[in-house]
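[1] here is a sequence together with a model predicted from it:
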Amino acid sequence: MTTEPGTERAAEYVVLCGADHERIGYAPKAEVHHARTPLHLAFSCYVFDPAGRLLVTRRAWHKRTWPGVRTNSCCGHPGPDEPVAGAVRRRLDQELGIAVDRVDLVLPEFRYHARMDDGVEENEVCPVFRAVVPEGAEPHRDPDEVAETGWMPWQDFVGEVDADPAAVSPWAALQVGELRQLGPDPLGWAAADEGRLPPAARETLEAR
């Protein structure tokens, strides 16, 4: 069911996408994830410190999708009128209590579909970002969102995923396969062109 967000903002809405990843409507986030999850706009973010270590998180145990699973630093959903990079910064603050020096788009066209054993699906158009924190910055996690955090060398994380893709969330396993193509040094990855974002995400750029 598609819902148009009105003046009532208590509920968090996600952007629903069509076959060409265009915006076709909105739905409350609380109602989106089920056995027939509609395609919707999301993001993933990989947070690194100045030494190139990745901030790895474990999802809270009561999450609707993949509870308690180790994954990348942060994921979320842009609001109806929110630029994706702005949503990244918002969720980093909300989930991890962390400010970043920079947020760069690295995989603008990533899209995935995954199903849990109980039938609940993720079905997302999901641009991927890299963020870099200042020297000495440490997360202050929201336990409602994140069960654990820890820093680890990027290549160690890549090796872990290569050895056992099921050790992390399905989206992180797929993303690592693409991110490794950008080079061994995550701080040296080239930022991607925002024009390659899916149409549903480009709308907010054009409105700036």
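    Good, I have the coordinates.

[2] going forward, measure contacts between C-alpha atoms and count neighbours the same way
    Noted.

[3] which SSE is the residue most central in space within the chain in?
    A centroid search over the chain (C-alpha atoms, centre = their mean) returns Ser44, at 1.9 Å, as the residue closest to the centre. Assigned by DSSP states H and E, Ser44 belongs to strand 43-48.

[4] may I have that strand as PDB, with CA atoms only?
    Included here for strand 43-48 are C-alpha records, laid out as PDB according to Å, rounded to 0.1, in the frame of the first residue of the first chain:
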ATOM      1  CA  PHE A  43      21.600   3.600   1.900                       C
ATOM      2  CA  SER A  44      24.600   1.800   3.400                       C
ATOM      3  CA  CYS A  45      27.600   3.600   4.900                       C
ATOM      4  CA  TYR A  46      31.100   2.300   5.800                       C
ATOM      5  CA  VAL A  47      32.800   4.500   8.400                       C
ATOM      6  CA  PHE A  48      36.600   4.600   8.600                       C
END
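
[5] what residues sit buried inside it?
    Of the residues in strand 43-48, those buried by neighbour count under the rule 16 or more other C-alpha atoms under 10 Å are 43-48.

[6] then stretch 153-170?
    Taking 16+ other C-alpha under 10 Å as the basis for neighbour counts, the residues of stretch 153-170 that come out buried are 154-155, 157-158, 161, 165, 168-170.

[7] run through the strands of the chain in chain order.
    When secondary structure is read from DSSP state E, the chain shows strands at 13-17, 23-28, 40-41, 43-48, 53-59, 70-71, 74-76, 102-107, 111-115, 121-125, 128-132, 146-153.

[8] dump these into JSON lines; add mean pLDDT as well.
    Listed next are those as JSON lines, based on pLDDT from 0 to 100:
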{"stretch": "strand 13-17", "mean pLDDT": "96"}
{"stretch": "strand 23-28", "mean pLDDT": "96"}
{"stretch": "strand 40-41", "mean pLDDT": "98"}
{"stretch": "strand 43-48", "mean pLDDT": "98"}
{"stretch": "strand 53-59", "mean pLDDT": "98"}
{"stretch": "strand 70-71", "mean pLDDT": "98"}
{"stretch": "strand 74-76", "mean pLDDT": "97"}
{"stretch": "strand 102-107", "mean pLDDT": "97"}
{"stretch": "strand 111-115", "mean pLDDT": "97"}
{"stretch": "strand 121-125", "mean pLDDT": "97"}
{"stretch": "strand 128-132", "mean pLDDT": "98"}
{"stretch": "strand 146-153", "mean pLDDT": "98"}
